[in-house]
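Engineer: What follows is a predicted protein model with its sequence.
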Amino acid sequence: MKRMKRVNYAASQAIGHAASLYSACLGGRSRWIDGIRVCTGVPTWAYPRGGVCWGDTVVTGSDPRLLTHERLRHEKVHRDQWRRYGLAFPIRYFAAGNNPLTNKYEREAGLGDGGYTP
């Protein structure tokens, strides 16, 4: 079990690093904010909704409303989900459904913090 935990954590870091490189290729800027790597300035076509968490990295645009303490808290939960499930996380996430109000991973991350509810 411990080995799988280490593998999932390493996968989360590798995916996050790849997301950071992808963002840089699109003109994004990577920096650490409140304990999580955030890539901003990426074109809106490159991420769904207000942003996306890939492994240990959040990819988003330049809108400061997407970088609130609440939103980053939401994204940190997704980071921890990546660390828990590794490469199985995107499969589990999409299997949970596209509606964030019923997706258990969005609910776990906090719908209000993610901007899905008032």
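Structural biologist: Happy to help now that I have it. Numbers count the residues shown, from 1 in each chain.
Engineer: List the contacts of stretch 80-100.
Structural biologist: 4, 7-9, 11-12, 15-16, 49, 53-56, 102-106, 108-109, 111, 114, 116 (CB atoms under 8 Å, 6 or more residues apart in numbering). Bear in mind the C-beta positions are built from the backbone N, C-alpha and C, glycine included.
Engineer: how about the strands in the protein?
Structural biologist: 29-33, 36-40, 51-54, 57-60 (DSSP state E).
Engineer: give me the low-pLDDT residue ranges for this protein?
Structural biologist: The model of the chain has pLDDT under 70 over residues 1.
Engineer: buried stuff in the helix ranked longest in it?
Structural biologist: Counting residues, the longest helix found in the chain (DSSP state H) is helix 2-25. Neighbour-count burial for helix 2-25 flags 8, 9, 11, 12, 13, 15, 16, 17, 19, 20, 22, 23 (criterion: 16 or more other CB atoms under 10 Å).
Engineer: Find the one among the strands of the chain with the highest mean neighbour count.
Structural biologist: Greatest average neighbour count among the strands of the chain goes to strand 57-60 (a mean of 26), per mean count of other CB atoms under 10 Å.
Engineer: quick one: residue 30 and residue 62, what's the gap?
Structural biologist: 13 Å (CB to CB, to the nearest Å).
Engineer: Over to residue 97?
Structural biologist: 29 Å.
Engineer: Please list the outside residues in contact with the longest helix of the chain.
Structural biologist: Applying CB under 8 Å, 6+ apart, the set of residues contacting helix 2-25 is 29-30, 37, 39, 41-42, 46, 54-57, 59, 79, 82-87.
Engineer: how far out from the middle of the chain is that helix?
Structural biologist: Mean C-alpha position of helix 2-25 versus that of the full chain (CA atoms, centre = their mean, to the nearest Å) differs by 11 Å.
Engineer: Let's see it as PDB, backbone CA atoms only.
Structural biologist: The C-alpha trace of helix 2-25 is given here as PDB (Å, rounded to 0.1, in the frame of the first residue of the first chain):
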ATOM      1  CA  LYS A   2       2.800   2.400   0.900                       C
ATOM      2  CA  ARG A   3       4.500   1.700  -2.500                       C
ATOM      3  CA  MET A   4       1.300   2.600  -4.400                       C
ATOM      4  CA  LYS A   5       1.000   5.800  -2.400                       C
ATOM      5  CA  ARG A   6       4.500   6.800  -3.400                       C
ATOM      6  CA  VAL A   7       3.800   5.900  -7.000                       C
ATOM      7  CA  ASN A   8       0.600   8.000  -7.100                       C
ATOM      8  CA  TYR A   9       2.400  10.900  -5.500                       C
ATOM      9  CA  ALA A  10       5.200  10.700  -8.000                       C
ATOM     10  CA  ALA A  11       2.700  10.500 -10.900                       C
ATOM     11  CA  SER A  12       0.900  13.600  -9.500                       C
ATOM     12  CA  GLN A  13       4.200  15.500  -9.500                       C
ATOM     13  CA  ALA A  14       5.100  14.300 -13.000                       C
ATOM     14  CA  ILE A  15       1.700  15.300 -14.400                       C
ATOM     15  CA  GLY A  16       2.000  18.600 -12.700                       C
ATOM     16  CA  HIS A  17       5.400  19.200 -14.200                       C
ATOM     17  CA  ALA A  18       4.100  18.300 -17.700                       C
ATOM     18  CA  ALA A  19       1.100  20.700 -17.100                       C
ATOM     19  CA  SER A  20       3.600  23.500 -16.200                       C
ATOM     20  CA  LEU A  21       5.600  22.900 -19.400                       C
ATOM     21  CA  TYR A  22       2.400  22.800 -21.500                       C
ATOM     22  CA  SER A  23       1.400  26.100 -19.900                       C
ATOM     23  CA  ALA A  24       4.700  27.700 -20.700                       C
ATOM     24  CA  CYS A  25       4.500  26.600 -24.300                       C
END
